[in-house]
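Chemist: When you get a sec, could you give me coordinates for this:
(chains A, B, C and D)
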2 protein chains.
Amino acid sequence: MTRTTYNIYRALADSTRRKILQLLSSGEQTQSDIVKEFNISQPAINKQLRILKEEGFIHERKSGRYRYYQLDRETFEGAYHQMVDEIGAMLDQTLMDLKHYVENKEEDDD
Amino acid sequence: MTRTTYNIYRALADSTRRKILQLLSSGEQTQSDIVKEFNISQPAINKQLRILKEEGFIHERKSGRYRYYQLDRETFEGAYHQMVDEIGAMLDQTLMDLKHYVENKEEDDD
DNA sequence: ATATTATATAACCATTTGGTTATATAATAG
DNA sequence: CTATTATATAACCAAATGGTTATATAATAT
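Modeler: A predicted model of the protein is given here:
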């Protein structure tokens, strides 16, 4: 069944995928358009497109022998905001630091 | 020499590393404190800590037999903002879509 | 009809990843 | 001194990753 639950972190982890997303950010492109921007093979691009598609970050449209790809901005933006919130929360806790220090003060004295 | 240039995308790609960062977001923790929060072995945690440390997202402090870890907020926040900007820019281009359409209109007619 | 182009897929491969167990070393506790 | 605890490291492993080449299929162009 091949577990294909990629999340945005996984999707963004690879630079080829990030570059694909970047390309698509300025508009729809065919697969061959995308391939031309890289020095890797068509099947390699195809694989990364499949991953982005399975994750829902891009949408595929068939027309003749072409496959047009575009960002699925809704999904992508949703995941993006979730990520920004999640990581942002980690950074937004300078006060929590003090809280933790106060709460665990006595433990350090044993 | 093992090339260890992890970027924030790589660092965040793994859920164990994300959880470690989350733990550290509320304050300094020893390695064993961290290990207790997981169901994986101490060497496994050690490896992920090493990665986060090499990337500069956490800082290590030795005290007795303990190793204390804490977020390096400067580095982490810097990388975070860069990421937010980079990905945000991808999403912030609805107008670019139209631009691209206009510019490539004629190409579609051949 | 034939050649060309766009895409898909299979088989393969090396490297990386994220764990494991076993064991060593270092510091502290009793 | 000895036992315990915290951490480090080595050797190992299975699975995932990100490519490759070869080839098939589908659509279009000549």
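Chemist: contacting residues around the longest helix seen in chain A?
Modeler: If you go by DSSP state H, chain A has its longest helix at helix A:73-91. Applying CB atoms under 8 Å, 6 or more residues apart in numbering or on different chains, the external contacts of helix A:73-91 come out as A:7-9, A:11, A:21, A:55-58, B:12, B:18, B:21-22, B:24-25, B:71, B:73, B:76-77, B:80, B:84, B:87-88, B:90-91, B:94. C-betas here are computed from N, CA, C, even on glycine.
Chemist: So which residues of chain A form helices?
Modeler: A:8-13, A:15-25, A:31-36, A:42-55, A:73-91, A:94-103.
Chemist: Out of those helices, which one sits most buried?
Modeler: helix A:8-13 (a mean of 21; mean count of other CB atoms under 10 Å in any protein chain shown).
Chemist: Say whether chain B is contacted by that one.
Modeler: Yes. Counting by CB under 8 Å from any CB of the partner chain, chain B is contacted by helix A:8-13 at A:Tyr9, A:Arg10, A:Leu12, A:Ala13.
Chemist: what do you get for stretch A:46-53?
Modeler: No. Using CB under 8 Å from any CB, stretch A:46-53 stays clear of chain B, coming no nearer than 12.1 Å.
Chemist: Save the helices of chain A as JSON lines, and put in mean pLDDT and distance to DNA strand C too.
Modeler: Formatted as JSON lines, the helices of chain A follow (pLDDT from 0 to 100; distance: least, CB to the nearest atom of the strand, whole Å):
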{"stretch": "helix A:8-13", "mean pLDDT": "96", "distance to DNA strand C": "8"}
{"stretch": "helix A:15-25", "mean pLDDT": "97", "distance to DNA strand C": "12"}
{"stretch": "helix A:31-36", "mean pLDDT": "98", "distance to DNA strand C": "3"}
{"stretch": "helix A:42-55", "mean pLDDT": "97", "distance to DNA strand C": "3"}
{"stretch": "helix A:73-91", "mean pLDDT": "93", "distance to DNA strand C": "16"}
{"stretch": "helix A:94-103", "mean pLDDT": "50", "distance to DNA strand C": "20"}
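Chemist: Let me have these in CSV, adding distance to B:Gln31 as columns.
Modeler: What follows is the helices of chain A, written out as CSV (distance: least, CB to CB, whole Å):
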stretch, distance to B:Gln31
helix A:8-13, 24
helix A:15-25, 31
helix A:31-36, 44
helix A:42-55, 33
helix A:73-91, 19
helix A:94-103, 17
